[in-house]
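Trainee: below is the structure, and that's it, no one-letter string:
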């Protein structure tokens, strides 16, 4: 089930499923140590007439973010039981605390008693071995722990001076037919077992009195800590400040954070502007405070491969950081570049992917080829794109004067590797493609290496390193000449996806498969977007890779096997991907000569919005026949691509409309004025 409405503060990340059940709880790194391990935690309501969990079919609900903040807004009605439920959740921006506000409205004209139940099914450190949960009599809360991981589950009725639950249940699960303590809640009577160890869970109860046709409020929260003392201090801080203050300051922070974006979203329709801001928030939620930009944190993918997307791919991270840099969040993205600087190997390249703590991630790239000869297990574009976007990072942030350390410790070794990792033609030596499927010389890779070397040349020029400036520039020039000679097909009148070395012929064979990633040939500056060869390539991508169903969208390449749902590749060359569709939109924007010529790009932007989840969350790809999300959701790269394309769309639209800069000031003031909303 797709993940929805991520909430985080860079240390804690929580995800819901589409039924608004908590499914993922990452701490202490975003993407590393899922303390829930994809196990469902329940929230429910008991009345004298019946009991329901919020995912029950009778609960008619809607979910969204509250006013483009990282606070959720859940509204549900249970007509048969005469109750309305309103939840607002957030992860505090200062403390590692998940906070939930609950409002219950009585739709009947008699006083009633209701009981709220919050259940946690945790697997601390990502596994269910050796956990402990006990009732803490001082906190009147449940406390879960294992090793250096401590989580508390607490509650408080609004307007009361008392803190703590009215009852609780603690028990074992996943053995001897035991389902969990959530089952105990359904009769409104919890067992109050004081402690359990092993594979365990816990549930707390909070009883509320509802006046006739009236309402009541309650607060629940989860503290994430590394020790007993830390979790106790955190609980004390929440109670002294009041959970309302935490939720309010979190709402205000994210509203003001969005207001710092340097783009004039007033040029956009309200729905597109809102989607753009929401994408910025989703990107931020998947960024760890120590620099890792995580690809996706949807643990549901474990069902397919027993691995996740909770890694930092340097390529994804570089392109995501670039979109944020364009918005003005350079202080945030600087941490990503420091992460990459620490991760760079002595040889000057970055590995396949990394865990959020900086250690190497799992990989399927071998260190030897079929002949048993050593090869580097890399995607060269990952090193090159960090180098390319690092130059733009310092340019956009105007921090060139402080970039000397980055130049010495990252640019020089990385560019040295790129410049030397080539064959006699000037082309880069083979590595894996961005899709991590083929070992060869790829259009996307050579474009990124070209861009990385040019960026390194500009760094060298800035620091008056003339010899390296010339060396890097000449290496980039040789790549361009080799691409023109070897990667253009006279037969097809377009560029080719890849080259593979033919040992028998002692030359490269061209791969004529159409691939959406060939957009990189213009986007990374290897060729002008209006170059006839680029135009022919991009038009062929639009013609042959567009999915011929009611869903539409552009596939990665012809006969894409990943999550393939049909072999009818004439109609469905592959599942539609958001990033691939947006790449084509980038080319349309880049070549547009009038506002009218931007219409196709706007349609593709709106196609993206249309096929998101109702909450505005973008998956990696969608089903070609019903549009449902496939693979992981949300994919950080999808949202960053949307951000970048909309930035380019706004820039071109402003150019055509000759807008003044004064409108941006009005926009910022308006955003800040709405930050005063009471949560």
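Mentor: Everything's here; your move. Quantities reported herein were computed from a predicted structural model and do not represent experimental measurements. Numbers count the residues shown, from 1 in each chain.
Trainee: tell me which stretches of the stretch 501-650 of the chain form strands.
Mentor: With strands called from DSSP state E, counting those that start in this stretch, the stretch 501-650 of the chain shows them at 507-511, 621-622, 629-630.
Trainee: which helices and strands does the last one pack with?
Mentor: The reference is to strand 629-630. Contact analysis of strand 629-630 by 3 or more CB pairs under 8 Å, 6 or more residues apart in numbering; DSSP states H and E lists strand 621-622 as its packing neighbours. Using the backbone N, CA and C atoms, a C-beta is placed for each residue, glycine as well.
Trainee: just checking, what packs against the strand it packs on?
Mentor: strand 629-630.
Trainee: give me the sheet partners of the strand it packs on and which way each runs.
Mentor: Next to strand 629-630 in the sheet, as set by DSSP bridges, lie strand 621-622 (antiparallel).
Trainee: avg pLDDT for the partner strand?
Mentor: Strand 621-622 shows a mean pLDDT of 98.
Trainee: and what of stretch 298-306?
Mentor: 71.
Trainee: again with stretch 55-71
Mentor: Mean pLDDT, stretch 55-71: 96.
Trainee: ok, residues contacting stretch 651-659?
Mentor: Contacts to stretch 651-659, defined as CB atoms under 8 Å, 6 or more residues apart in numbering, come from residues 264, 267, 589, 592, 594-595, 598.
Trainee: the same query, at a cut-off of 10 Å, please.
Mentor: Residues from elsewhere that reach stretch 651-659, judged by CB atoms under 10 Å, 6 or more residues apart in numbering: 263-264, 266-268, 326, 588-590, 592-598, 601-602, 646, 650, 660-661, 663-664.
Trainee: which one of the strands of the stretch 501-650 of the chain lies nearest to residue 15?
Mentor: Residue 15 sits nearest to strand 629-630 of all the strands of the stretch 501-650 of the chain, at 13.3 Å, using CB to CB.
Trainee: give me the residues contacting the closest one.
Mentor: Residues contacting strand 629-630 (CB under 10 Å, 6+ apart): 1-4, 18, 298, 300, 562-565, 575-577, 611-613, 617-624, 635.
Trainee: and the contacts of stretch 651-659, which are buried?
Mentor: Buried by 16 or more other CB atoms under 10 Å: 263-264, 267-268, 326, 588-590, 592, 598, 601-602, 646, 650, 664, out of the contacts of stretch 651-659.
Trainee: just for the stretch 1-150 of the chain, where's the confidence low?
Mentor: Counting by pLDDT under 70, the stretch 1-150 of the chain contains low-confidence ranges at 1.
Trainee: from the contacts of stretch 651-659, which land in helices?
Mentor: Using DSSP state H, 326, 588-590, 601-602, 646, 650, 663-664 are the members of these that sit in helices.
Trainee: between these, which is closest to residue 466?
Mentor: Closest approach to residue 466 among the ones in helices among the contacts of stretch 651-659 (CB to CB): residue 326, at 30.2 Å.
Trainee: name all residues that make contact with the closest one.
Mentor: Going by CB under 10 Å, 6+ apart, the list of residues near residue 326 reads 261-263, 392-393, 396, 643-644, 647-648, 651.
Trainee: who wins on neighbours among the residues you listed?
Mentor: Greatest neighbour count in these, by other CB atoms under 10 Å, goes to residue 643: 26 neighbours.
Trainee: host element of the residue lying closest to it once chain neighbours are set aside?
Mentor: In space, and not counting its chain neighbours, residue 643 is closest to residue 323: 4.5 Å by CB to CB, 6 or more residues apart in numbering. Applying DSSP states H and E as the criterion places residue 323 in helix 314-327.
Trainee: any idea which helix or strand comes after that helix?
Mentor: helix 330-343.
Trainee: pLDDT on that following helix, on average?
Mentor: Taken as a whole, helix 330-343 has an average pLDDT of 98.
Trainee: show me what that helix is packed against.
Mentor: With contacts defined as 3 or more CB pairs under 10 Å, 6 or more residues apart in numbering; DSSP states H and E, helix 330-343 has these neighbours: helix 314-327, helix 380-397, helix 404-406, helix 412-420.
Trainee: returning to that earlier point: hmm, the residue nearest to residue 643 is touching residue 647, no?
Mentor: Yes: between residue 323 and residue 647 there is a contact at 7.2 Å, judged by CB atoms under 10 Å.
Trainee: if we can go back for a sec, distance to residue 96 and mean neighbour count added to the strands of the stretch 501-650 of the chain, as TSV?
Mentor: As requested, the strands of the stretch 501-650 of the chain are exported to TSV (distance: least, CB to CB, whole Å; neighbours: other CB atoms under 10 Å):
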stretch	distance to residue 96	mean neighbour count
strand 507-511	48	16
strand 621-622	33	26
strand 629-630	29	22
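Trainee: which among these is found nearest to residue 118?
Mentor: Ranking these by proximity to residue 118 (CB to CB) places strand 629-630 first, at 27.4 Å.
Trainee: what is the mean pLDDT for the closest one?
Mentor: Here the average pLDDT along strand 629-630 is 96.
Trainee: hang on, residue 192 in a helix?
Mentor: No: assessed by DSSP: H, G, I helix; E, B strand; the rest coil, residue 192 does not belong to a helix; its assignment is coil.
Trainee: where does it fall, phi/psi-wise?
Mentor: Reported as degrees, to the nearest 10, the phi and psi values for residue 192 are phi 60, psi 30.
Trainee: how much space between it and residue 250?
Mentor: The gap separating residue 192 from residue 250 is 33 Å, by CB to CB, to the nearest Å.
Trainee: comparing these two, which residue is more hemmed in?
Mentor: It is residue 250, of residue 192 and residue 250, that has more neighbours when counted by other CB under 10 Å, with 25 against 12.
Trainee: can you pull the contacts of that one?
Mentor: For residue 250, counting by CB under 10 Å, 6+ apart, the contacting residues are 7, 9, 69-71, 89-95, 97, 99, 679.
Trainee: for residue 529, same thing?
Mentor: 519, 521-523, 535, 538, 586-592 are the contacts of residue 529 under CB under 10 Å, 6+ apart.
Trainee: spatially nearest residue to it (excluding sequence neighbours)?
Mentor: Closest to residue 529 by CB to CB, 6+ apart is residue 590, at 3.9 Å.
Trainee: do residue 274 as well
Mentor: Closest residue to residue 274 apart from its sequence neighbours, by CB to CB, 6+ apart: residue 68 at 5.7 Å.
Trainee: surely the one you found touches residue 261?
Mentor: No: between residue 68 and residue 261 there is no contact under CB under 10 Å: 11.1 Å.
Trainee: just give me the neighbour total for the residue nearest to residue 643.
Mentor: Residues near residue 323, counting by other CB under 10 Å: 24.
Trainee: please tell me how far it sits from residue 336.
Mentor: Taking CB to CB, one finds residue 323 at 12 Å from residue 336.
Trainee: which residues touch the residue sitting furthest away from the middle of the chain?
Mentor: Within the chain, the residue lying farthest from the chain centre (CA atoms, centre = their mean) is residue 110, at 46.1 Å. The neighbours of residue 110, taking CB under 10 Å, 6+ apart as the test, are 82, 210-213.
Trainee: relative to residue 48, how far out is it?
Mentor: Taking CB to CB, one finds residue 110 at 11 Å from residue 48.
Trainee: might you report the residue contacts of the residue nearest to residue 280 when sequence neighbours are not counted?
Mentor: Counting by CB to CB, 6+ apart, residue 280 lies nearest to residue 643, which is 6.0 Å off, once chain neighbours are set aside. Shown in contact with residue 643 (CB under 10 Å, 6+ apart): 261, 263, 275-277, 279-280, 282-283, 320, 322-324, 326-327, 582.
Trainee: hang on, residue 221 packs against residue 102?
Mentor: No: using CB under 10 Å, residue 221 makes no contact with residue 102, being 11.2 Å away.
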